[in-house]
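>>> Compute the structure for the input listed below.
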Amino acid sequence: VSTQSTWEAVVSTQSTWEAVVSTQSTWEAVVSTQSTWEAVVSTQSTWEAVVSTQSTWGIEQASKDAEERDVAILSLPNGQNFELPIMRGSMGPAGIDVRGLLGKSGFTTYDPGFTSTCSCHSAITFIDGPGGRLMHRGYNVMELCEKSDFMELSYLLMYSELPNRAQKEAHVTSVKEHMMVQQKMVEFFKGYNYNAHPMAMLCGTVGALSAFYHESLDIRSPVSRLLCAYRLIAKMPTIAAMTYKHCIGQPVMYPKKKYSYAGNFLYMMFATPMEEYVINPVVEKAIDVFLMLHADHEQNASASTVRIAGSSQANPFACIASGICSLWGPAHGGANEAVLRMLREIGSVDRIPLFIEKAKDKKDPFRLMGFGHRVYKNYDPRARIMKKMCDAVLADLNIKGDPLLDIARELERIALEDEYFKKRRLFPNVDFYSGIVLKAIGIPISMFTVMFALARTVGWISQWKEMIEDPKQRIGRPRQVYVGAEERPYVPMEARDPGVDDCEDMVLMRITRQPPTVRSEDLPRASDASGGLPPPVKTRKE
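Residues are numbered from 1 along each chain as shown. This is a model prediction of the structure:
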């Protein structure tokens, strides 16, 4: 009473003594919780503080009940409480189901980049970032790369289980039977400019497949879905190689059934009609491992793009083309390309210490590309595998005197020994080693992201297939927090502020009048391949 001045103050806070009793059942329950009334007062200074902290004793009890029922309690500013079911997977963090939140409460959740939002439930790939693990259908990618191959992994991603001998043979045969492209597709390539970027051609061509195979676009038919899946997986290496051949002016080489998936890609990339092409088994294995390591990586930007496009029931060729567009962005699929650009910027081995210091300087915009990873807080498990293949390829090809490879080796050595990088876990990632491997094999930088798309297609198809076959699937429709102008009346032209023309608009108008500038320094050239033909020379009239 002395603490609260009068007993009436306590009563006015809780309306009636009965309200206190009804909240916690009995006064003895309050006393037993905090031992004595004085303890409550001394802990929270006043009874009001106790009430304001927990609103009511009942919330604490409700939280205990919610924990037992595996739900989360969301308390809103208006005093409303909502129970949100907790969804638990077989591994990884649990999720809070907020699907009914907007309709019941009028509130949405805000999560730019969806870094804390689950858009689906999936059984395909699991990433353990802190532990440095990547698993496909429960199998560790390191074990798969050591004991399996890309064709077996593609079967695993599509069908959930490893194939037996007969299943794998049927799967590989189905892929090989669909590797040829419609002959009109070759004519289609003639419409591209000779210096078009390979990713631009890949995106346009894959999207155009729906015009060539429109009879199998019924996504409600399991047979059509499977046929589209095999066509995409099979034709992707053919189309990818065609983009390269188009750039360097060489004739298209067609796949052969006697070669493996990776072997066929190498054959179509580097063979010419003039002579026999012998596939190097070490390089073939390196390409196969590269494809396995990039096959799928959970709900990344491109996989989410494929799912969003597919949620509208768009045909699978259009969905995969949308994934290619997303992958084209330098923040996603251009990481290994950025590694080679960084090595070029460094220029020579003796300049590495300078750039190491620039990387350590937070005020300097320079960043070492290919070190550390957003998801893997420890060592990237894929980097360990790719490093082995990198060492094997460089030893087998016996490449000497390449300044970029010399810079890469020295940069790797320094980064693995420097305490600054070790303390921050900035180890070389898969992009660092894969960039070196692709460079050593002879694949130009402009084709790096195409290689990524080639590998990721089977993951995109598996994600799309899983989404389409999910009975709970709905069209993607993210919400927003609108921060624009409120409703306002229309202003007639004569009543508007004449002002001065917006500078940005004027600049844009000038830019659009200028002829487009083509940057082709990183495009593949005839010298990139043995026996290559130079690109056609344009006449002044053209």
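>>> tell me, what residue is most central in the chain?
The residue lying closest to the centre of the chain (C-alpha atoms, centre = their mean) is Asn300, at 2.4 Å.
>>> Now do the contacts for that residue.
His332 (C-beta atoms under 8 Å, 6 or more residues apart in numbering). All C-beta spots, glycine's among them, are computed from the backbone N, C-alpha and C.
>>> Trp460 versus that one, what's the distance?
Counting by C-beta to C-beta, to the nearest Å, the gap from Asn300 to Trp460 is 10 Å.
>>> ok, now Gly100?
For Gly100, the distance to Trp460 equals 30 Å [C-beta to C-beta].
>>> how about Val437, what does it touch?
Val437 touches Ala286, Phe290, Met386, Met389, Cys390, Val393, counting by C-beta under 8 Å, 6+ apart.
>>> again, but for Ala301
Ser326, Leu327, Gly329, Ala331, His332.
>>> Find the helix or strand that the first one is a member of.
Taking DSSP states H and E as the criterion, the element that holds Ser326 is helix 316-328.
>>> And the next helix or strand past that helix?
Trace forward from helix 316-328 with DSSP H and E and the next one is helix 335-346.
>>> can you pull the buried residues of that following helix?
Residues of helix 335-346 classed as buried: Ala335, Asn336, Glu337, Ala338, Val339, Leu340, Met342, Leu343, Ile346 (neighbour count, 16 or more other C-beta atoms under 10 Å).
>>> those strands in the stretch 101-250 of the chain, which residues are they?
All strands of the stretch 101-250 of the chain, identified by DSSP state E, counting those that start in this stretch, fall at 125-128, 133-136, 139-140.
>>> For Arg488, find the nearest of the ones you listed.
strand 125-128 (47.1 Å; C-beta to C-beta).
>>> for this protein, what's the longest strand?
Using DSSP state E, we find that the single longest strand of the chain is strand 81-87.
>>> Can you name the next helix or strand after that strand?
strand 95-96.
>>> that older thread, for the helix holding Ser326, give me every contacting residue.
So helix 316-328 is contacted by 199, 202-204, 206-210, 213, 217, 219, 225, 228-229, 232, 301-306, 308-310, 314, 332-334, 449, 452-453, 456-457, 460-461, 464 (C-beta under 8 Å, 6+ apart).
>>> Sitting in helices, which of those do you find?
Cross-referencing the contacts of helix 316-328 against helices under DSSP state H gives 199, 202-204, 206-210, 225, 228-229, 232, 301-306, 308-310, 449, 452-453, 456-457, 460-461, 464.
>>> what's the average pLDDT for stretch 84-95?
The average pLDDT for stretch 84-95 rounds to 89.
>>> What lies in contact with it?
70-74, 96-98, 101, 118, 121, 126, 128.
>>> Let's see that with 7 Å instead.
Asp70, Val71, Ala72, Leu74, Ile96, Asp97, Val98, Cys118, Phe126 (C-beta atoms under 7 Å, 6 or more residues apart in numbering).
>>> End to end on it, go ahead and measure it.
The straight-line separation of the ends of stretch 84-95 (C-alpha to C-alpha, to the nearest Å) is 10 Å.
>>> Over to stretch 419-428?
End residues of stretch 419-428 are separated by 14 Å (C-alpha to C-alpha).
>>> Can you give the distance from that stretch to the centre of its chain?
Stretch 419-428 has its C-alpha centroid displaced from the chain centroid by 24 Å (C-alpha atoms, centre = their mean, to the nearest Å).
>>> For it, could you pull out the residues that count as buried?
Phe421, Leu426, Phe427, Pro428.
>>> now do stretch 86-106
For stretch 86-106, by 16+ other C-beta under 10 Å, it's Gly95, Ile96, Val98, Leu101.
>>> Just put the contacts of Ala301 in JSON lines and tack on distance to Val278 and pLDDT.
Formatted as JSON lines, the contacts of Ala301 follow (distance: C-beta to C-beta, whole Å; pLDDT from 0 to 100):
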{"residue": "Ser326", "distance to Val278": "37", "pLDDT": "94"}
{"residue": "Leu327", "distance to Val278": "32", "pLDDT": "94"}
{"residue": "Gly329", "distance to Val278": "37", "pLDDT": "86"}
{"residue": "Ala331", "distance to Val278": "38", "pLDDT": "79"}
{"residue": "His332", "distance to Val278": "35", "pLDDT": "84"}
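>>> Out of the residues you listed, give me the one that has the most neighbours.
Highest neighbour count within those: Leu327, with 25 neighbours (other C-beta atoms under 10 Å).
>>> can you tell me which residues contact the nearest residue to Thr205 once chain neighbours are set aside?
Once flanking residues are discounted, Thr205 sits nearest to Ile239: 5.2 Å by C-beta to C-beta, 6 or more residues apart in numbering. By C-beta under 7 Å, 6+ apart, the contact list for Ile239 reads Val181, Leu202, Thr205, Val206.
>>> Try it again at 10 Å.
181, 185, 189, 198, 201-202, 205-206, 208-209, 232, 268, 450, 453-454 (C-beta atoms under 10 Å, 6 or more residues apart in numbering).
>>> ditto for Gly329
Gly329 neighbours (C-beta under 10 Å, 6+ apart): Ala301, Ser302, Thr449.
>>> where's stretch 412-428 relative to the chain centroid, distance-wise?
25 Å.
>>> now do stretch 379-386
On the basis of C-alpha atoms, centre = their mean, stretch 379-386 sits 17 Å off its chain's mean C-alpha point.
>>> Need the pLDDT of the residue nearest to Val306 when sequence neighbours are not counted.
Once flanking residues are discounted, Val306 sits nearest to Gly323: 4.2 Å by C-beta to C-beta, 6+ apart. For Gly323, the pLDDT comes out at 96.
>>> mind checking how far Gly323 is from Lys235?
15 Å.
>>> now for the contacts of stretch 84-95, which pair is the farthest apart?
Every pair of these checked by C-beta to C-beta; the farthest is Leu74 and Phe126, at 27.6 Å.
>>> In this structure Arg409 contacts Ala415, no?
No: using C-beta atoms under 10 Å, Arg409 is not in contact with Ala415; the gap is 11.1 Å.
>>> Quick check: neighbours of the longest strand of the chain in the sheet, parallel or antiparallel?
If you go by DSSP bridges, strand 81-87 pairs up with strand 71-75 (antiparallel), strand 95-96 (antiparallel).
>>> possible to save the ones you listed as TSV with distance to Arg165?
As requested, the strands paired with strand 81-87 are arranged in TSV below (distance: least, C-beta to C-beta, whole Å):
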stretch	distance to Arg165
strand 71-75	48
strand 95-96	39
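>>> Which one of those lies nearest to Pro498?
Closest of these to Pro498 is strand 71-75, at 50.8 Å (criterion: C-beta to C-beta).
>>> Give the buried residues for that closest one.
Val71, Ala72, Leu74.
>>> same question, stretch 452-472
452-468.
>>> Ok, stretch 74-85 next?
Leu74, Phe82, Leu84.
>>> picking that back up, which among the buried residues of stretch 419-428 gets closest to Ala166?
For the buried residues of stretch 419-428, the nearest to Ala166 is Pro428 (40.6 Å; C-beta to C-beta).
>>> list the contacts for the closest one?
Neighbours of Pro428 in contact, by C-beta under 10 Å, 6+ apart: 339, 368, 370-372, 379-380, 383-384, 386-387, 390, 408, 411-412, 415-416, 421, 436.
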